[in-house]
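**Student:** sequence first, predicted coordinates after that:
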Number of protein chains: 2
Amino acid sequence: MSPSLKLSDLPASGGETLQEQVYQRLRRSIMIGEVRPGVALTIRGLAEALDVSPTPVREALRRLSAERALAVLDNRRVMVPEMTVQRFEELLALRVTLETHAAERALPYISDSLVSMLVSIDGLIDTALDNDDYEEVIVTNQAFHIRLYEANPHQQALPMVESLWLQFGPFLRLAALNLKEHYRFDRHKEAIEALRRRDPLALRVAIEADIRDGIGHIGRDGLLQAFVDAKGALR
Amino acid sequence: MSPSLKLSDLPASGGETLQEQVYQRLRRSIMIGEVRPGVALTIRGLAEALDVSPTPVREALRRLSAERALAVLDNRRVMVPEMTVQRFEELLALRVTLETHAAERALPYISDSLVSMLVSIDGLIDTALDNDDYEEVIVTNQAFHIRLYEANPHQQALPMVESLWLQFGPFLRLAALNLKEHYRFDRHKEAIEALRRRDPLALRVAIEADIRDGIGHIGRDGLLQAFVDAKGALR
DNA sequence: TTAGATATAATGTGATCACATTTTTTGTGT
DNA sequence: ACACAAAAAATGTGATCACATTATATCTAA
């Protein structure tokens, strides 16, 4: 029988623990929407697919469950949680609140060299969009936000932001696709401009617009409803 | 040799898994500041103290680490993280942002019966304060906030709020103590009044004031600095 | 006494096994 | 063909073992 889950290859293990490698691998799969909501992730199944013993898989699943990337049902089955319209709205509002907070908290620490860095990352996103490499779009877009927020060396919001990204996992591919099709304004360039002017309000506006352009539209058009009805079977 | 960690007793196990019981027990210990920052929590040590095998302890530690209640060092040792002034400030600002968000998002769902419930919980807090039962103060105070926020049946912020509470664990006892000594206004009653009037701005103000009264003062007076210097050896 | 080396103990990680529960398949009767 | 019961397979949980790494204690020499 073929493995129940196909996973992108791992770039060769380093000195990390097996648990860490399994965690990173599963995390990436969830983030790019490779794991469909509602299908059970079994310990033995993943262990076989990743060619490790059940032990590190168990710990990685426990970790991802604690981060709300996975849900454990009463049956003790673990899966990417199904999305509902109301949960989507709450997650979106929460993401706006958390990321505008994180951005504003990072603003006092912004240096000119960091701004240059963000400009070049933004260029990488455009390149990835031209190449229709949506996984790269997702990862690089997140790198943009991460670099911005952790300009504040004491930033505490990042793990929560990443938890939200994971929970949007099934939709990030759709968001990246939409970015290419329909985007009119580059919100990242607006954010960069706000950073240059050290303008906290403009920064908040740009970040919120970026989030709503990227993923908010899914909730507006019938896209989310279609996804829910199809139980994540789109694409 | 006596166990390295003393833990409050568990109220007899239910149908839950051992891992869940261990998790709840450790969680409570961290929340009430029983575990001092910097001291290593060993798997075997906890397993012996709790009279279980290492397996469920490992999973509970992994879970709490993912929730940022515990930190894993490079040595792979796990402990309650040390506090710094800057981290404290970031966590405090984040708590204000998250909890005012959660409260505002819950406001449309507030019913009169829930307001009554909150009033009675607030009474329990006063009773606990009179009895100098600080653990009860902590738990009941959190129950007040939880009931409020999850009035919204789709609330997504609660796990993050609880993660922050855990990270404040070493200080919640100090906060509860201060509440008895120095509090002038009952911020919960202000919040309840705002809920009755369905006034979102007044609610935000009350929640923020409640948080800052409760834990913010620790950062203001030398209390935090003393705690950091003493490596959590106060009380 | 103290600094550094060596040995001993303790720890985290991963694999494997046993067992109870749950899921899936198979069988049976109408 | 379909509903229901029985059997078989799969799954999560917890315990135990082996091993490499890390921390602690002990020893030695100045």
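**Tutor:** Nice, I can see it. Numbers count the residues shown, from 1 in each chain, chains lettered A, B, ... in the order given.
**Student:** can we go C-alpha only for contacts and neighbour counts from here?
**Tutor:** Noted.
**Student:** in terms of helices and strands, where is the residue nearest the centre of chain A?
**Tutor:** Taking Cα atoms, centre = their mean, the centroid of chain A lies closest to A:W165, which sits 3.3 Å from it. Per DSSP states H and E, A:W165 falls inside helix A:158-167.
**Student:** mind listing what's buried along the helix or strand following that helix?
**Tutor:** Moving toward the C-terminus from helix A:158-167, the next helix or strand (DSSP H and E) is helix A:169-182. Buried residues in helix A:169-182, counted by 16 or more other Cα atoms under 10 Å in any protein chain shown: A:169-180.
**Student:** and stretch A:134-153, by the same measure?
**Tutor:** Here stretch A:134-153 shows A:134-138, A:140-152 as buried, counting by 16+ other Cα under 10 Å.
**Student:** contact residues of chain A facing chain B?
**Tutor:** A:59, A:62-64, A:66-67, A:86-87, A:90-91, A:94, A:97-98, A:101, A:154-157, A:160 (Cα under 8 Å from any Cα of the partner chain).
**Student:** which residues in chain A form helices?
**Tutor:** Per DSSP state H, chain A carries helices over the ranges A:18-31, A:43-50, A:54-66, A:85-106, A:112-130, A:134-149, A:158-167, A:169-182, A:187-196, A:200-211, A:217-220, A:223-229.
**Student:** export these as CSV, with columns for distance to B:L195 and mean pLDDT.
**Tutor:** Below are those laid out as CSV (distance: least, Cα to Cα, whole Å; pLDDT from 0 to 100):
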stretch, distance to B:L195, mean pLDDT
helix A:18-31, 38, 96
helix A:43-50, 46, 96
helix A:54-66, 32, 97
helix A:85-106, 20, 97
helix A:112-130, 43, 93
helix A:134-149, 34, 94
helix A:158-167, 28, 98
helix A:169-182, 35, 75
helix A:187-196, 36, 94
helix A:200-211, 28, 96
helix A:217-220, 29, 78
helix A:223-229, 32, 70
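**Student:** coming back round to it: show me what the helix holding A:W165 is packed up against.
**Tutor:** helix A:18-31, helix A:85-106 (3 or more Cα pairs under 8 Å, 6 or more residues apart in numbering or on different chains; DSSP states H and E).
**Student:** does anything pack onto the first one? Which helices or strands?
**Tutor:** In other words, helix A:18-31. Using 3+ Cα pairs under 8 Å, 6+ apart, helix A:18-31 sits against helix A:54-66, helix A:158-167, helix A:169-182.
**Student:** where does chain A come near DNA strand C, residue by residue?
**Tutor:** A:16-20, A:52-56, A:75 (Cα under 7 Å from any atom of the strand).
**Student:** can you flag the buried ones in those?
**Tutor:** The buried subset of the residues of chain A next to DNA strand C (16+ other Cα under 10 Å) comprises A:18-20, A:54, A:56.
**Student:** and the helices and strands packed on helix A:18-31 as CSV, adding distance to A:P81?
**Tutor:** Shown next, in CSV, are the helices and strands packed on helix A:18-31 (distance: least, Cα to Cα, whole Å):
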stretch, distance to A:P81
helix A:54-66, 10
helix A:158-167, 8
helix A:169-182, 10
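**Student:** and DNA strand D, which of these is closest to it?
**Tutor:** helix A:54-66 (7.0 Å; Cα to the nearest atom of the strand).
**Student:** mind checking how far the closest one is from the chain centre?
**Tutor:** Its chain's C-alpha centre and that of helix A:54-66 lie 19 Å apart, by Cα atoms, centre = their mean, to the nearest Å.
**Student:** relative to helix A:43-50, how tilted is that helix?
**Tutor:** 110 degrees (axes from the mean of the first three to the mean of the last three Cα atoms, to 10 degrees).
**Student:** and for helix A:54-66, what's in contact with it?
**Tutor:** A:18-20, A:22-23, A:27, A:43-44, A:46-47, A:70-72, A:78, B:59, B:62-64, B:66-67 (Cα atoms under 8 Å, 6 or more residues apart in numbering or on different chains).
**Student:** buried among those? Make that a PyMOL selection.
**Tutor:** A single PyMOL command selects the buried members of the contacts of helix A:54-66 (16+ other Cα under 10 Å):
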select buried, (chain A and resi 18+19+20+22+23+27+43+44+46+47+70+71+72+78) or (chain B and resi 59+62+63+64+66+67)
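**Student:** near DNA strand D, from the contacts of helix A:54-66?
**Tutor:** A:43-44, A:78.
**Student:** which one of those is nearest to B:S116?
**Tutor:** The shortest approach to B:S116 among those belongs to A:V78, at 37.5 Å (Cα to Cα).
**Student:** thought the closest one was touching A:L41?
**Tutor:** Yes: counting by Cα atoms under 8 Å, A:V78 touches A:L41, with 5.6 Å between them.
**Student:** around DNA strand D, which positions in chain A sit nearby?
**Tutor:** So chain A meets DNA strand D at A:40-45, A:76-78 (Cα under 7 Å from any atom of the strand).
**Student:** tabulate those (a markdown table), appending distance to A:L224.
**Tutor:** Formatted as a markdown table, the residues of chain A next to DNA strand D follow (distance: Cα to Cα, whole Å):
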| residue | distance to A:L224 |
| --- | --- |
| A:A40 | 22 |
| A:L41 | 23 |
| A:T42 | 27 |
| A:I43 | 30 |
| A:R44 | 32 |
| A:G45 | 30 |
| A:R76 | 27 |
| A:R77 | 25 |
| A:V78 | 23 |
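**Student:** check those and tell me the two furthest apart.
**Tutor:** Checking the residues of chain A next to DNA strand D with Cα to Cα, the most distant pair is A:G45 and A:R76, at 15.1 Å.
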